[in-house]
Every structure is written in structure tokens, then in C-alpha cells.
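Participant: only geometry, no sequence info:
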């Protein structure tokens, strides 16, 4: 089948925060339909929808109660069918979130098919990703069930062939409806080591990340379902090396098309997510190089800075006040000229920033709230915890999309489920027609990927390896060459002028003759053929 996804750009929609059509403060499917022309205008090819299935919403829809129903807050299946039809009418594709490592404890399987889940008489010391034990005692059964995430998200037992059949049947149902693929939530956690045992510090990840049967099950899924449709698949896979990623994504292995890796997202933390440290650009460059070269001939990269779980990149690796527009464009340039399929998360194309709520009561994310409570109980002062939350909370990505300078950024006429970032008056989609806007710059980058095969197929060579402020690399393919310079600082940086013409840059004109002097957060790309 044609690997159309290699030249595509994906746009992730977090439905709860995208657009509210009925004033109840919650984004919905009809709201997405209203904004399809905006997305089509950006030039994106694939829309990835975070979960819209029926859910009690303990973890914002990643706890699914019924895979065959739409969450009432988001609309109806008729609304979904209309959305799918409108997306296809515009020549775009729609990818669903597939959450099959766990369900909600309110799923009928948990009541009627307990053997679809993982039970033990005696729990291990594993900790859940959302704090506390990864085991919950159930009185009726007199046993503990495993939940790597919230206790309302029991893990499925993939060693049960009946469970796998039920999952494949559900996947076929959505694909027969016409959806164009799946983003698979923590899919490399589906196979656990049978004899689970205590782990140092309660970190059992080596017993469930890339577990013993994960390739067997993904190959079976491909054979039974995926291979029968012309679709795209991406697996979310924390703790995966380039070598493992090659195995998952090499065409000959017939598993998945690409995976999400997380290494570059852990570079600004110490031992754990909330242990903040400054980003070393040298570390970031070396990490990107490792993945670019590691998957170049076999396998495929997903390229992303943002998603529903990550803080806003312009606040994280850029500068979100004086140089916000320049650094948003620079970060986009740095990523979009690499090999792989780029992902744009809603609001990234506007340069949306992190939010700084003063009160913990304004936060809604379960991971953030659990961490706050745990650290307060351990005696950590409120202000110290809030500083971490302002930098790393998942709610940074989940504040409502900023459409206009109207109240709540034009997201809703009601009270939004999560407060809007107060800077919506200055940062919003009304600016998207401005030729100098971040949106128009993203549109150019997306267009260049469709036009220039070198972006899809070229190799990757890192330049200025030891420079802690300049991220520079080349891409070469046949007789063509791209040279990409990105200044990650407020300092003026000097770089050798390569041959070729300026293809794109985030300042109006290129700087002088001879060596290039890169201005604060400047990005410039040269093309030679």
C-alpha cells in the first residue's frame, strides 16, 4: 500500500478543549465540525482525535466505559458520522485514539468478564503512574487487580485470547465505519511478565514495557485487522530505544507504521517528571540525532514537541514573552525539517503558551492533583509545588483553544470546564490571516513537506555538535541539500553561510553577506540542488 502518511502532517485535537458548540463549557464534536475549514486551511492531512468514547471521565476519556458509544458531553454517533464525512469531503483523514491497555472499571467487561483483567492474590510494590499503589483490592473477588494508571483504569489481560478477539472486533467496527487509523495509547504496555514481582523503588516498568509477547500481539493485530485496511498506525511507547522502535516500525515486521518516543521529553527533568532542570541543547541535539539516524533506513519517526500530556513547547524550550513568535516559528522549523511524520497539537500553530493558575483548585488533571496532595502531605510548601505545576502540568496543554479575543477566547459562551489562559486577548486564531503569524508559518512548513521529497527521504547530519545554543543540521538526498540553522537563545550566533538559496526563515530578510549572524531565536533554511 502507498505510504501516504510519510508526507502527511497530523493535527491533534483534544475535543474537550477545542470548540464548544452548545455553551455547556465542554468542547464537542459539533464544535470540531465548525472549525474544519480552519484546519483544512492550515494544510494538515490527518486529524487525530483524543478519545471521544463513552467514559466516566476519571482520566479525561482515557478510561473507556463503552468503545461503541460517544461520550454524551461530546455529542452522538450521528455527530461523529457527520464529522467523519465532512473530514473526508475536505480530503483529510481522521485517526482515532485506541485505548486498549486498560478500560474503565465501569466497562461491562469488568463486571461480566473479569478474566479479561489481571488479578493477583498478593500485590507487588509497583507504583501507579498517577501516584500510589498500582493494585486495588476488590472485596467481591478477594483479589487485587492491576491498574498502571488510575484505580478506575484496570489493565486488560492480553494473554487472554478472547479479550484480544473482542478488541480486534471493536477495531474492525471503527475501520469499517471509515476511520483512517489509530493512535494507540501506551500500546507497549499490553504484555506483562507473567510472574510479577517487587521492583526497586516500586518501578515495575521493566516487567511491562515492551513485554515478552508485545510483538506477538501486535503482529496478530496487524494480521487480523490492520493489514486489511489502507490506514496509518502510531503507537505511544514510553521507554523504547531506537533499536526496539525499528522492530516495531520496519515494514517487513508488519506491526505498526511509527511510534511516539519520549526521550526528548524527559531531558528537562531529573529523576522524575516534577524534578525540574534546565534543558541542555547539546543533549536534545544528540537525542534527535540518535532517533533520526537510528530509524533512517528502516522504520519511521513521529516528530512532535506538544501533545495533550506535554507542556507548551514555546514556554518549555523557547521564550514565551518577548520572543514568543520568533521562538514558536524557530521550534517549528527545527522539527519540521527532520525525517518523520510531524504532529501539530491544537494551539501550537498559534504559539499558545503555558498557563500559571495561582490556586490548585483551578487545575483539573488527575496526575497534577495527586502529585500536589502527595507532596503537600510530605511537607513540601505550596509555592514550590505550584512552580513545578506551572512548568510541567498536563493542564498547560488542555486550556481552551484560543479562537478570538472574546471571553474565554471564543471557546464557549458558557463557563469553560478548565479556565482559559488569560493571554487569549493577545494570542488567538483571529491573527491566523496575518502573513507574519505563527499559523501562516506552519502552513508554509506543511506545504514544503508535500513539495520537497528530500524532507521525507534525506539523511540527517548534525552540525555544531558542541554548541549549546545553536541547533543546526543538514539533510541530503540525491543531488539536493538542506541546511537548517536554529538559534535557541537570545544571543547573536555566527554560522557559516552554506551554498544555496534561502528557502524559509522566521525573520523578514536574511542577514548580510559572508557568515550568517543569527538573531535571537532565528531559524533559517538553505536549499541547494
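Facilitator: Looks like it came in fine. This is a predicted model, so every value here is computed, not measured. Numbering: from 1, shown residues only.
Participant: pLDDT below threshold where in the stretch 401-529 of the chain?
Facilitator: The stretch 401-529 of the chain contains residues with pLDDT under 70 at 510-512.
Participant: let me see the contact set for residue 523.
Facilitator: 329-330, 332-334, 484-487, 505-506 (Cβ atoms under 8 Å, 6 or more residues apart in numbering). No exception for glycine: its C-beta is placed from N, CA and C like everyone else's.
Participant: what is it paired to in the beta sheet?
Facilitator: Taking DSSP bridges, one finds residue 486 as the beta-bridge partners of residue 523.
Participant: for the closest residue to residue 430 other than its chain neighbours, phi and psi?
Facilitator: Excluding the flanking residues, the one nearest residue 430 by Cβ to Cβ, 6 or more residues apart in numbering is residue 404, at 5.1 Å. When read as degrees, to the nearest 10, the backbone of residue 404 gives phi -160, psi -180.
Participant: what sits against residue 404?
Facilitator: So residue 404 contacts 410, 424, 428-430 (Cβ under 8 Å, 6+ apart).
Participant: residue 466 contacts residue 280, doesn't it?
Facilitator: No. Assessed by Cβ atoms under 8 Å, residue 466 is found out of contact with residue 280, at 11.5 Å.
Participant: the more surrounded of those two?
Facilitator: Neighbours were counted for residue 466 and for residue 280 using other Cβ atoms under 10 Å; residue 280 has more, 12 against 7.
Participant: what distance do you get for the more buried one to residue 264?
Facilitator: Noted for residue 280: a distance of 12 Å to residue 264, by Cβ to Cβ, to the nearest Å.
Participant: from one end of stretch 46-57 to the other, what's the distance?
Facilitator: Chord length of stretch 46-57, first to last residue, is 25 Å (Cα to Cα, to the nearest Å).
Participant: returning to that earlier point: of the contacts of residue 523, which belong to strands?
Facilitator: Taking DSSP state E, the ones among the contacts of residue 523 that sit in strands are 484-487, 505.
Participant: for the stretch 201-350 of the chain, just list every one of the helices.
Facilitator: Ranges of helices in the stretch 201-350 of the chain, per DSSP state H, counting those that start in this stretch, are 214-224, 242-249, 281-294, 313-316, 324-336.
Participant: for residue 126, find the nearest of the ones you listed.
Facilitator: Nearest to residue 126 among the helices of the stretch 201-350 of the chain is helix 214-224 (18.0 Å), distances taken as Cβ to Cβ.
Participant: other residues contacting that closest one?
Facilitator: 158, 164, 167-168, 171, 187-188, 190-191, 235, 247-248, 253-256.
Participant: likewise stretch 452-466?
Facilitator: 6-7, 282, 285-286, 289, 292-293, 296, 336-339, 448-449, 470, 472-478, 480-483, 495, 527.
Participant: got the end-to-end distance for that stretch?
Facilitator: Stretch 452-466 stretches 29 Å from its first residue to its last (Cα to Cα).
Participant: then stretch 154-164?
Facilitator: For stretch 154-164, by Cα to Cα, the gap between its terminal residues amounts to 16 Å.
Participant: now that stretch: buried residues?
Facilitator: 154-158, 163-164 (16 or more other Cβ atoms under 10 Å).
Participant: report the distance from that stretch to the chain centre.
Facilitator: Offset of stretch 154-164 from its chain centre (Cα atoms, centre = their mean, to the nearest Å): 26 Å.
Participant: for that stretch, what is the average pLDDT?
Facilitator: What stretch 154-164 shows for mean pLDDT is 98.
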